[in-house]
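1. Give me the fold of what follows.
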Amino acid sequence: MFHPFLRADRNKALFIENNPFLATVHFNADDEVFFGKIEQIDDLVSFEGRSVVELKRAFRSAVEDYLDICERFIKPVFKSYKGSFNARIEPDLHRQAVRHSIARGISLNQLIRDAIRSGGFLTANPG
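-> You can find the predicted model right below:
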């Protein structure tokens, strides 16, 4: 049975949330255990459980422990982003995007920014 706490995106990646934290989840069939990793932080924080209930409990505990460590060492909770990233796409798609941006009278950066904002996935709840 698929548990509503575990959600899959279009690529079938499982993730769970403990707002504002998001974690990816995997299943090891040999060990019969779920394991996860908190995303968008500068540290590696993992957790595991043999059931969804155990996984949820371990995730909440990992978040609490991580927040305590951040407070104790006066470090930012979330990874900082500089506002730029590299995207690898097919050369023909790159050419088409540049051509489209020129036709619209905007930069390629503005075209990509507009596409991300208008895609709807940034305002929708993941999953």
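2. And the contacts of stretch 27-41?
-> Outside stretch 27-41, the residues within contact range by C-beta atoms under 8 Å, 6 or more residues apart in numbering are 14-16, 21-26, 44-52, 54-55, 58-59, 62-63, 66, 77-79. Just so you know, the C-beta spots here come from the backbone N, C-alpha and C atoms, and that holds for glycine as well.
3. Determine how far the last residue of it lies from the first.
-> For stretch 27-41, the separation between the terminal residues is 22 Å (C-alpha to C-alpha, to the nearest Å).
4. got the residue ranges for the helices in this protein?
-> Assigned by DSSP state H, the chain shows helices spanning 52-72, 91-104, 108-118.
5. ok, residues contacting the second one?
-> Helix 91-104 is touched from outside by 89, 107-108, 110-112, with contacts defined as C-beta under 8 Å, 6+ apart.
6. With the first one instead?
-> Applying C-beta under 8 Å, 6+ apart, the external contacts of helix 52-72 come out as 3, 5-6, 16, 18, 21, 23, 25, 34, 36, 38, 41, 43, 45-49, 75-77.
7. In ChimeraX, how would I select the buried members of those residues?
-> Selection of buried members from these for ChimeraX, criterion 16 or more other C-beta atoms under 10 Å:
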select :6,16,21,23,25,34,36,38,41,45,47,48,49,77
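8. Where does the prediction get shaky in the chain?
-> 1-13, 120-127 (pLDDT under 70).
9. Tell me which residue is most central in it.
-> What sits nearest the mean C-alpha location of the chain, by C-alpha atoms, centre = their mean, is Glu39, with 5.8 Å.
10. what's the distance between that one and Ser101?
-> From Glu39 over to Ser101 the distance is 31 Å, taken as C-beta to C-beta, to the nearest Å.
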